[in-house]
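Trainee: have a look; sequence and predicted model below, questions after that.
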Amino acid sequence: MKKSIVQSKSFKFSLNIISLFSKLQKEKEFIISKQLLRSGTSIGANIEEAMAGQSKRDFIAKMSISSKEARETRYWLLLLQESDLTQINVSSLLKDINELIRLLTSIVKTSQENLLKKQQ
């Protein structure tokens, strides 16, 4: 079965987060790097769970969690960008996470609207 765009983008993003984590660890940055690894890879994991949702509500709940994890990831990336902890450029990751947030927000909003229409 072909993966959706959000699945593919989140998987690629997770791989990039793992790479960033490795670089940060080499620079002895352990706190934010671990937070970033957890939230950044959780996005795709929750999307995968959503695809196997037991109901439309379950799908929406998992996609909502992915959206929240994406926003947390953006927070950690912004901290890295604005602090003096590292000189690693995270601007492309910020662009990618903003795109994922837009996609997830749209998916959740559309799914909620469709669920409401079905209930009426």
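Mentor: That came through, no problem. Numbers count the residues shown, from 1 in each chain.
Trainee: if we go by neighbour counts, what in stretch 61-77 is buried?
Mentor: 61-74, 76-77 (16 or more other CB atoms under 10 Å). For glycine as for every other residue, the C-beta is placed from the backbone atoms N, C-alpha and C.
Trainee: please spell out which residues along the lengthiest helix in the chain are buried.
Mentor: Assignment by DSSP state H gives helix 91-119 as the longest helix of the chain. Of all the residues in helix 91-119, those buried under the rule 16+ other CB under 10 Å are 93-94, 96-97, 100-101, 103-104, 107-108, 111.
Trainee: with stretch 32-52 instead?
Mentor: Within stretch 32-52, the residues that qualify as buried by neighbour count (16+ other CB under 10 Å) are 32-33, 35-37, 39-47, 49-50.
Trainee: and that stretch, how far from the chain's centre?
Mentor: 6 Å (CA atoms, centre = their mean, to the nearest Å).
Trainee: identify all contacting residues around that stretch.
Mentor: Contacts to stretch 32-52, defined as CB atoms under 8 Å, 6 or more residues apart in numbering, come from residues 4, 6-7, 10-11, 13-14, 17-18, 20-21, 24-25, 58-59, 61-63, 65-66, 69-70, 72-73, 76-77, 79-80, 85, 100, 104.
Trainee: again, only this time at 7 Å
Mentor: 6-7, 10-11, 13-14, 17-18, 20-21, 24-25, 59, 62-63, 65-66, 69-70, 72-73, 76, 79-80, 85, 100 (CB atoms under 7 Å, 6 or more residues apart in numbering).
Trainee: just the ones of these in helices?
Mentor: Counting by DSSP H, these contribute 6-7, 10-11, 13-14, 17-18, 20-21, 24-25, 59, 62-63, 65-66, 69-70, 72-73, 76, 79-80, 100 to helices.
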